[in-house]
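Chemist: Fold the following, please.
(one chain, ligands or ions: 2)
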Amino acid sequence: MANLKFQTLLGMHDTLPQDQAYFLKVRKSVESVVNYYSFSRIDTPILEMTEVFVKGTGVDTDIVEKEMYSFRTKGGDMVALRPEFTPGIVRSYIENGMFNLPQPVKLWTMGPCFRHERPQAGRYRQFTQLDLEILGDASASTDGQIIQMSYDILKELSFKNLSIEVNSIGDSECRPYFKKILTSYFKSKKSSLCSNCQRRLKDNPLRILDCKDEKCQRIKAGAPQIVDHLCEACHAHFKQVLEFLDELELPYVLNPYLVRGLDYYTKTVFEIVDKSENGESQGTLIGGGRYDNLVKLMGGRNTPACGAAGGIDRIINLMKAKEVKTLKVEEPQVFLAQLGQLAKRKSLKLFEEFRNAKIPVAESFSKDSLKAQLRSANKINAKYVLIFGQKEALEDFITLKNMETGDQEEIKIDKIVEEIKKRIKK
Ligand code: ATP
Ligand code: MG
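Modeler: Ligands and ions are numbered 1, 2, ... in the order given. Reported below is the predicted structural model:
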């Protein structure tokens, strides 16, 4: 036990202070876009009944089959750490009667999700997702808006070589028929599929198209394409979506084999990837699509909907590789230096007075030497240094040094906050 070293769990990591600036920048970009598009923030619990994801995400998905952190509580309930946001948000939409609000309801959120995956570049067991949902609108303009917003967020973060892959995977009208065609194609190649896909062949042949196994990828390249087998309604919807994307001048490409890893999608699906050379490929940054049946499936009314989810960790990995600048923290213009025990004691109170007056002040109370403190003041380019020494502390004044001109003056301690306020206004 003496040698026990605590460390983070496999596939999980700390976000250290030096990395917070990236999160802040992502958060700012996301907020600027979602606010412009009038989305409201929602936060759902990290834990939900396991059944929410079994029903919502889908029993046949990798997520539910293999990746979910699901367990029985001491009270006997089966609960799961959310592997994604959509089912929890749909649960909330139904539970809170949001169908009574003016439709569509536009919601966004951001937070940790959990999947027990094999950790590798851009793939973790705890990761942060961004999520956008528009519930209660069937029109193709909604699909266009979700794709535009996803693209905007990445653009705001200085990503330049983005590619949007789109496809339509039909609905309950046309997909069963296409599944049959696809099944008979894959059946003819069954022995060359990975063992997982051989099993999927029976009830979920579409998921074979999403398999990352190289052998399956090769076979996929000759498979029939669903766009050739869409029913009239799906075909018309897809055509409209593409017209919106054209009008928005978004750089999209058709990917006839894009299906996504979740069961609930209908009609439009899309993924955005970064195509630039620098930085290790992170795979899909943001993906999403339409899910017209999910609300009903989870016990609500018939409610068409469309959404997207983005991987913040992957986005930040790429920002680092591309050396994207983070937001500069505004440094205070004023530095409070202290010398001697009495001055140090009084400095803490003075520092608090500045806080009450909402004037940012830097300090380094942990240092005793004036020289070291002045070095810290120089580091942040402080315009004013307040020198509070033994003599000053005894006689209730403070020495104010203008670092640009070198001028020094003595100011009564009870006037100093006002004095500084006047000066930093200029
Ligand atoms: P992939 O095909 O890469 O496994 P997915 O289809 O499982 O992705 P979604 O469920 O659509 O992904 O999640 C949306 C986004 O969340 C992904 O595009 C990705 O950016 C991010 N993401 C998904 N799983 C992980 C993970 N394990 N670690 C980090 N980011 C992830
Ligand atoms: Mg996955």
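Chemist: what's the spacing between the residue nearest the centre of the chain and ligand 1?
Modeler: By C-alpha atoms, centre = their mean, the mean C-alpha position of the chain lies nearest to Leu130, the distance being 3.2 Å. Distance, Leu130 to ligand 1, using C-beta to the nearest ligand atom, to the nearest Å: 8 Å. Heads up, the C-betas are built off the backbone N, CA and C, glycines and all.
Chemist: what does Tyr37 give?
Modeler: Taken as C-beta to the nearest ligand atom, the span from Tyr37 to ligand 1 is 19 Å.
Chemist: tell me the contacts of that residue?
Modeler: By C-beta atoms under 8 Å, 6 or more residues apart in numbering, the contact set of Tyr37 is 106, 145, 149.
Chemist: Of the residues you listed, which is the nearest to ligand 1?
Modeler: Ligand 1 lies nearest to Met149 out of the contacts of Tyr37, by C-beta to the nearest ligand atom, at 14.6 Å.
Chemist: can you tell me the helix or strand for that closest one?
Modeler: helix 140-156 (DSSP states H and E).
Chemist: Now the residue of the stretch 301-426 of the chain found nearest ligand 1: phi and psi?
Modeler: Using C-beta to the nearest ligand atom, the single residue of the stretch 301-426 of the chain nearest to ligand 1 is Gly311, 2.2 Å away. The phi and psi values for Gly311, taken as degrees, to the nearest 10, are phi -100, psi 100.
Chemist: ok, now Phe335?
Modeler: phi -120, psi 130.
Chemist: Distance-wise, check it relative to Leu386.
Modeler: 7 Å (C-beta to C-beta, to the nearest Å).
Chemist: shared neighbours, those two?
Modeler: Val361.
Chemist: Can you give the strand pairings for the one helix or strand Pro112 maps to, parallel or anti for each?
Modeler: Per DSSP H and E: Pro112 is located in strand 105-114. The partner list of strand 105-114 in its sheet, established with DSSP bridges, is strand 40-41 (parallel), strand 126-135 (antiparallel).
Chemist: can you redo the ones you listed as TSV with distance to Ala233?
Modeler: Output for the strands paired with strand 105-114, formatted as TSV (distance: least, C-beta to C-beta, whole Å):
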stretch	distance to Ala233
strand 40-41	30
strand 126-135	19
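Chemist: now those strands as CSV including mean pLDDT?
Modeler: What follows is those, written out as CSV (pLDDT from 0 to 100):
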stretch, mean pLDDT
strand 40-41, 98
strand 126-135, 98
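Chemist: most tightly surrounded among those?
Modeler: Stretch with highest mean neighbour count among those: strand 126-135 (a mean of 22; mean count of other C-beta atoms under 10 Å).
Chemist: okay, the angle between that strand and helix 140-156?
Modeler: In terms of direction (axes from the mean of the first three to the mean of the last three C-alpha atoms, to 10 degrees), strand 126-135 departs from helix 140-156 by 150 degrees.
Chemist: Please, where are all the strands along the stretch 301-426 of the chain?
Modeler: Here the stretch 301-426 of the chain has its strands, by DSSP state E, counting those that start in this stretch, at 305-311, 334-338, 361-363, 384-388, 397-402, 408-412.
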